[in-house]
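*Asks:* Below is the structure, and that's it, no one-letter string:
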């Protein structure tokens, strides 16, 4: 049977994709950012996930103002890195896992999550930057990926409660899949940032730290944070943190934090990264 | 400035992109979306006014695009992820575009970010700023 035993959260800052693409990630000025992923790149080689369910938001790339799905799941064989206005990132094609994706879709809808089904789409930095941060520069992504896109661009984003519950439903669905697969769920986006208005540049380091401190055990409280509170405390784009709750919901109640990284700033944003493992019962 | 009329209208210097803003800015944002295409970017650069005339924008929206007035574009229903397609077309970084909405120069804004960003203290409620 398929199983989930680990998950991670990470920001998906476009500038970091660009820095890697132009070959500057080894430069000393970027060491404080990238060194926080050294552990992760080793860890992922040991974990060897077969499939990553990658929770992210599209940034006016595939979904424009015509269609704005709250939760969308990518069921295609493959997804191309998108041209976001200055050419596509030179990273490998993202290979999907359509059989599992369709299984998840059916199970999620029957569990009450009315997913939008996407059979063709390009994926933007929200999805490819986390892959680059975790796997580094590779010829091919070493696992298959199921994109799970969440609307965080148009108010309102889905609530934290709903995201946590979606994570739980995802776990339920994965565990019903007959093939032996090691599946991980990644929640991406955040942490505090605001990209507009006179208040642009807002960063709330204590808030971000508190969020990461609470994610292992006190996630139920985090799920109660409203979008207005996210905006007030952590900036208009801070509400992307609900996507980390989907990851958390997909893991057991008891998890172990095995790695954490936090850095301010990357461009306009606070970078956060965390890894959880479940205790594996023998 | 805050262009919302809702329970988040008391957050200073912030406009939440809600249904009301989305309705105001629909054509403006769809114009921005067209700049994802290289040929469209070329036509826009060749004659910005003529290109803008292809979209049913208000005069105020057209003027704000031509002036690259991001504060005004947000007030007129633009969404930042769409608007940065204009500044990318100009070869500007997101941070540079974003900084124009603040009372800081781009260099001052970047300095503020390097020093930990803008503090939420005094920036949560409009009443704190009166």
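*Replies:* Perfect, I can see it now. Bear in mind that the values here come from a model prediction, so they are computed numbers and not experimental data. Residues are numbered from 1 along each chain as shown, chains lettered A, B, ... in the order given.
*Asks:* Next one, pLDDT for the residue in chain B that chain A sits nearest to please.
*Replies:* Chain A sits closest to residue B:117 of chain B, with a gap of 2.8 Å, by CB to the nearest CB. Where you see a C-beta, it was placed from the backbone N, CA and C, and this is true even at glycine. In this prediction, residue B:117 carries a pLDDT score of 97.
*Asks:* Pull the contacting residues for it.
*Replies:* Residues in contact with residue B:117, defined by CB atoms under 8 Å, 6 or more residues apart in numbering or on different chains, are A:192, A:201, A:202, A:203, A:205, A:264, A:265, A:270.
*Asks:* can you put the residues you listed in CSV and add neighbour count and pLDDT?
*Replies:* CSV is the format used below for the contacts of residue B:117 (neighbours: other CB atoms under 10 Å in any protein chain shown; pLDDT from 0 to 100):
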residue, neighbour count, pLDDT
A:192, 27, 98
A:201, 27, 98
A:202, 28, 98
A:203, 26, 98
A:205, 16, 98
A:264, 21, 97
A:265, 21, 94
A:270, 28, 97
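*Asks:* From the contact counts, what lies against the helix or strand harbouring residue A:102?
*Replies:* Residue A:102 belongs to helix A:98-110 when elements are defined using DSSP states H and E. Helix A:98-110 sits against strand A:71-74, strand A:144-150, helix A:160-175, with contacts defined as 3 or more CB pairs under 8 Å, 6 or more residues apart in numbering or on different chains; DSSP states H and E.
*Asks:* what about 10 Å?
*Replies:* Applying 3 or more CB pairs under 10 Å, 6 or more residues apart in numbering or on different chains; DSSP states H and E, we find helix A:98-110 packed against strand A:51-56, strand A:71-74, strand A:116-118, strand A:144-150, helix A:160-175.
*Asks:* Could you dump these into CSV with mean neighbour count and distance to chain B added?
*Replies:* Formatted as CSV, the helices and strands packed on helix A:98-110 follow (neighbours: other CB atoms under 10 Å in any protein chain shown; distance: least, CB to the nearest CB, whole Å):
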stretch, mean neighbour count, distance to chain B
strand A:51-56, 28, 13
strand A:71-74, 22, 16
strand A:116-118, 17, 18
strand A:144-150, 25, 13
helix A:160-175, 21, 16
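*Asks:* Residue B:4 is nearest to which of the ones you listed?
*Replies:* Nearest to residue B:4 among the helices and strands packed on helix A:98-110 is helix A:160-175 (21.2 Å), distances taken as CB to CB.
*Asks:* quick check: angle from the helix or strand that that closest one is followed by to strand A:144-150?
*Replies:* Of the helices and strands lying after helix A:160-175 in sequence (DSSP H and E), the nearest is strand A:182-188. Counting by axes from the mean of the first three to the mean of the last three CA atoms, to 10 degrees, strand A:182-188 lies at 40 degrees to strand A:144-150.
*Asks:* how distant is strand A:182-188 from the center of its chain?
*Replies:* 8 Å (CA atoms, centre = their mean, to the nearest Å).
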